[in-house]
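>>> need coordinates for the following:
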Amino acid sequence: MLRRTFCKTAFAAAVTAAVEHSTAVAAGEPSFRAMADIAAVTGDGREVSISKAELQELGGSLDGSLLLRGNDGYDSARRVWNGMIDRRPAMIAVCSSARDVAAAVTFAAERELLLAVKGGGHSYPGKSVCDGGLMIDLAPMHGVVVDAERRRASVGGGALLGHLDTASFARGLATTTGIVSHTGVGGFTLGGGMGRTDRKFGLAIDNLLAAELVPADGRIRRLSDDEDTDLFWAIRGGGGNFGVVTKFEFRLHPFDTTVLGGGIYYPFTQARDLLTFFAEYSADLPDEANVEPNAFVTAEGERIISVSVTYAGDALEGEKVLAPLRAFARPLEDTIGPTSYAEMQTQADEYYAHGTLNYLKSGYFSELSPALIAAIVESYEGDMLPDLWFQHLGGAMARVDPRATAYFHRDAHSNFGISGVWRDASESEKRIGAIRRIYDAVEPHMAGFYTNLNEDSERRTWGNYGPNYQRLAEIKYRHDPRNLFRLNANVQPVVQG
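The predicted structure is shown next:
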C-alpha cells in the first residue's frame, strides 16, 4: 500500500491525552496556596515580581486552578502539540469558565504580563505557550451542545475539532472543521478555518453565528452580527488579537457522513503531468468536490504524488465528476469509494501526534501556472524531503466578499503547504533546511499566506490582510491598546487618523 501511512486512532484517546492535566488538577487540593513570590516577564520583556499575596488572590478566585512551576500538572499543562516547543510560563491559569478567563486576563492586563492562550495548543510556532508569562489554558472548557432543531452548536473555547465533529455527526449534521481532530476549535476558527467541506459550507468563520469573548478589559462580551459587530468582524480571520473566545456558536448543516472519498497514487515522475491536468480540472468542480494533490516519500524512499478526494454529495453524481481524474493515467493505487467521513477526520491524528517535531512553510496560490508547477516539481529532490500538500479552496468560501470578514484571501485557488514531521531532534536542521529550500523556490508564485500556518514577520502580517488591515488595527487600538494579546499573527494597535 503506497499511500501515506496514517494510523486511525480512537478520538477518545486523543482527548484523554489533550486534557489529562485537567483531571489531575481536579483531583488535587481544592484551594490554591502560594508559598513565595515568583518572577515573571511583561509583554515587552521587563522582569517583574508577582507577590505571594497576588498569587493567592488569583488562585483563590478561579473555579479552575492556578499552576506554578513544580506543581503537579504544570508540566502537562505547559506542553503543546509541536515537540519543538519547550517553554515554561511563570503561571498557568487552568480555566473552567468565562469568569475564570476574565479573572486571568484582568490579572495579566493590570501587570502588563506576557500572555499566552492555549486551546488545543496546535500553533506551529508555539504561540499557545510563553516563557515567563501567564498562560491561560482552556482545556476544561471543551463542552459541545448541539441543537439539532435549530442546527446550531454551542462550543466551549477549549474544545477540540473532534469534540465538535463527534457531537454534530451523531445528529446527522456537520460544519467545516480541519483534518486533525486534536486541533483546537479556537485557533482553527479565528484564523479562518479550512477543511474538507469549506468549498461546500464555507470556512469555519462563515459558519460562526456568535461568540463569547473576553477582551483586554476583562469584560465578558457576546459578539454577533447584532452585538459588538466590529469585534465580531475582527475575530473572523483576525486570530487571537482581540481577546479570548470562551464560547463559539456555529451553524450546522445536514450531512451524510458516508462520502465518496479516498486517494489516487502515482510515481512522482508523473507529478508535472498530474499538476498540469489538475490546474484545468479543478477550475470547474462543483462545491461538493474537494480534490487535493499531495507529495510524500514512502518508508522505502519512493517519491509519490497523490490526489486526496472528498465528494460530499450525491454518490452517482460524484462518480461522474471524478471520472476524468480517475482516467487521467494508470495509477499505482486508487482507493476512492464510499468512505466514513468520521474516519477520514481522524486518519491523520497519529501521524501528527502530540510531541512530534513539526515545521511548516505555506502560502496561497491564485493559479497553478506552468512556472509554478515547474518550481514545485524541480525543487522536490534531495534527502529528508517534507510532505507537500494543497488545500483546495474556492466554492462557497470564495463567494463571500473579502471585506465581509477580516479574512481577506477569498480568491485563492489553493493553500500550499510544505511540512515536515519527525521524531529525531538530530535531524531538525536538515529537515528544516529542505522545507525552506522548497519554499524559496515556490514563494515568488505565492500571494499571501494563511496566518494560522505561518510565523512570518509582523510587517508581512500587516500586508497579508490587504485593505482590511487598517480596520483591524483601529479595532485593536480600541479594545487592546497595549497589545496584551500579542502572541499571534500580531496586528499592531493604531489610532484612527
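
>>> walk me through the domains of this protein.
Residue ranges for each domain of the chain read 11-137, 144-254, 258-453, as given by automatic domain parsing.

>>> could you report the neighbour count for residue 324?
Residues within reach of residue 324, counting by other C-beta atoms under 10 Å, total 11. All C-beta atoms are positioned from the backbone trio N, CA, C, and that covers glycine.

>>> mind listing what's buried in stretch 478-491?
Neighbour-count burial for stretch 478-491, counted by 16 or more other C-beta atoms under 10 Å, picks out 479, 480, 483, 484, 485, 486, 487, 488, 489, 490, 491.

>>> next one: stretch 35-51
Residues 38, 40, 41, 42, 43, 50 are the ones in stretch 35-51 that count as buried (16+ other C-beta under 10 Å).

>>> circling back: can I get the domains of the chain in JSON lines with mean pLDDT and distance to residue 465?
As requested, the domains of the chain are exported to JSON lines (pLDDT from 0 to 100; distance: least, C-beta to C-beta, whole Å):
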{"stretch": "domain 11-137", "mean pLDDT": "87", "distance to residue 465": "18"}
{"stretch": "domain 144-254", "mean pLDDT": "98", "distance to residue 465": "8"}
{"stretch": "domain 258-453", "mean pLDDT": "97", "distance to residue 465": "5"}
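
>>> can you lay out these as a markdown table showing distance to residue 467?
Shown next, in a markdown table, are the domains of the chain (distance: least, C-beta to C-beta, whole Å):
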| stretch | distance to residue 467 |
| --- | --- |
| domain 11-137 | 25 |
| domain 144-254 | 13 |
| domain 258-453 | 7 |
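
>>> so of those domains, which one's packed in deepest?
The highest mean neighbour count among the domains of the chain, using mean count of other C-beta atoms under 10 Å, belongs to domain 144-254: a mean of 22.

>>> just the terminal-to-terminal distance for that one.
With C-alpha to C-alpha, to the nearest Å as the measure, domain 144-254 spans 17 Å from end to end.

>>> please tell me how far residue 166 sits from residue 486.
Distance, residue 166 to residue 486, by C-beta to C-beta, to the nearest Å: 34 Å.

>>> over to residue 38?
Distance, residue 38 to residue 486, by C-beta to C-beta: 22 Å.

>>> in this protein, which residue is closest to the centre?
By C-alpha atoms, centre = their mean, the chain has its centre lying nearest to residue 188, at 3.4 Å.

>>> quick check: closest non-adjacent residue to that residue.
Once flanking residues are discounted, residue 188 sits nearest to residue 178: 5.5 Å by C-beta to C-beta, 6 or more residues apart in numbering.

>>> could you do residue 241 as well?
Nearest residue to residue 241 in three dimensions, chain neighbours excluded: residue 491, at 4.7 Å (C-beta to C-beta, 6+ apart).

>>> now do the contacts for the one you found.
Shown in contact with residue 491 (C-beta atoms under 8 Å, 6 or more residues apart in numbering): 238, 239, 241, 461, 462, 465, 469, 472, 473, 476.

>>> quick one: which of the residues you listed is nearest residue 102?
residue 241 (17.9 Å; C-beta to C-beta).

>>> could you look up the SS state of that closest one?
helix (DSSP: H, G, I helix; E, B strand; the rest coil).

>>> that one contacts residue 477, doesn't it?
No. Applying C-beta atoms under 8 Å, one finds residue 241 not in contact with residue 477, separated by 11.1 Å.

>>> picking up where we left off before, SS state for the residue nearest to residue 188?
coil.

>>> tell me how far it lies from residue 470.
Distance of residue 178 to residue 470, computed by C-beta to C-beta: 29 Å.

>>> tell me which helix or strand the closest residue in space to residue 404 that isn't next to it in sequence sits in.
Using C-beta to C-beta, 6+ apart and skipping residues adjacent in sequence, the residue nearest residue 404 is residue 233, 8.0 Å away. According to DSSP states H and E, residue 233 maps onto helix 229-235.

>>> ok now that helix, how far from the chain's centre?
For helix 229-235, the separation from the chain centroid amounts to 19 Å (computed by C-alpha atoms, centre = their mean, to the nearest Å).

>>> helices or strands up against that helix?
When contacts are defined as 3 or more C-beta pairs under 8 Å, 6 or more residues apart in numbering; DSSP states H and E, helix 229-235 packs onto strand 208-214, strand 221-224, helix 469-479.

>>> now distance to residue 70 too, for those, in JSON lines please.
Shown next, in JSON lines, are those (distance: least, C-beta to C-beta, whole Å):
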{"stretch": "strand 208-214", "distance to residue 70": "28"}
{"stretch": "strand 221-224", "distance to residue 70": "36"}
{"stretch": "helix 469-479", "distance to residue 70": "35"}
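
>>> compare the domains of the chain and report which one is nearest to residue 495.
Proximity to residue 495 (C-beta to C-beta) singles out domain 144-254 among the domains of the chain, at 15.4 Å.

>>> picking up where we left off before, single out whichever of the contacts of residue 491 has the smallest pLDDT.
In terms of pLDDT, residue 462 ranks lowest among the contacts of residue 491, with 65.

>>> that older thread, can you pull the contacts of the residue nearest to the centre of the chain?
120, 122, 161, 177, 178, 204, 452.

>>> what about 7 Å?
161, 178, 204, 452 (C-beta atoms under 7 Å, 6 or more residues apart in numbering).

>>> part of a helix, is it?
Yes. Remark: residue 188 belongs to a helix, assigned using three-state DSSP.

>>> how close does it get to residue 273?
In terms of C-beta to C-beta, residue 188 sits 34 Å off from residue 273.

>>> what does residue 145 give?
From residue 145 to residue 273 the distance is 49 Å (C-beta to C-beta).

>>> show the subsequent helix or strand relative to the helix holding residue 233.
Using DSSP H and E, the helix or strand that follows helix 229-235 towards the C-terminus is strand 244-251.

>>> partner strands of the helix or strand just after that next one, with direction?
With elements assigned by DSSP H and E, the helix or strand that comes after strand 244-251 is strand 253-254. Sheet pairing of strand 253-254 (DSSP bridges) gives strand 173-174 (antiparallel).

>>> contact partners of the partner strand?
Residues contacting strand 173-174 (C-beta under 7 Å, 6+ apart): 146, 148, 151, 168, 197, 252, 253, 254, 255.

>>> can you do 6 Å?
168, 252, 253, 255 (C-beta atoms under 6 Å, 6 or more residues apart in numbering).

>>> hmm, which two among those residues are most spread apart?
Between any two of the contacts of strand 173-174 (C-beta to C-beta), the greatest distance is 9.0 Å, for 168 and 253.

>>> quick one on the thing from earlier: dump the contacts of strand 173-174 to TSV, plus distance to residue 94.
Below are those laid out as TSV (distance: C-beta to C-beta, whole Å):
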residue	distance to residue 94
168	27
252	29
253	34
255	34
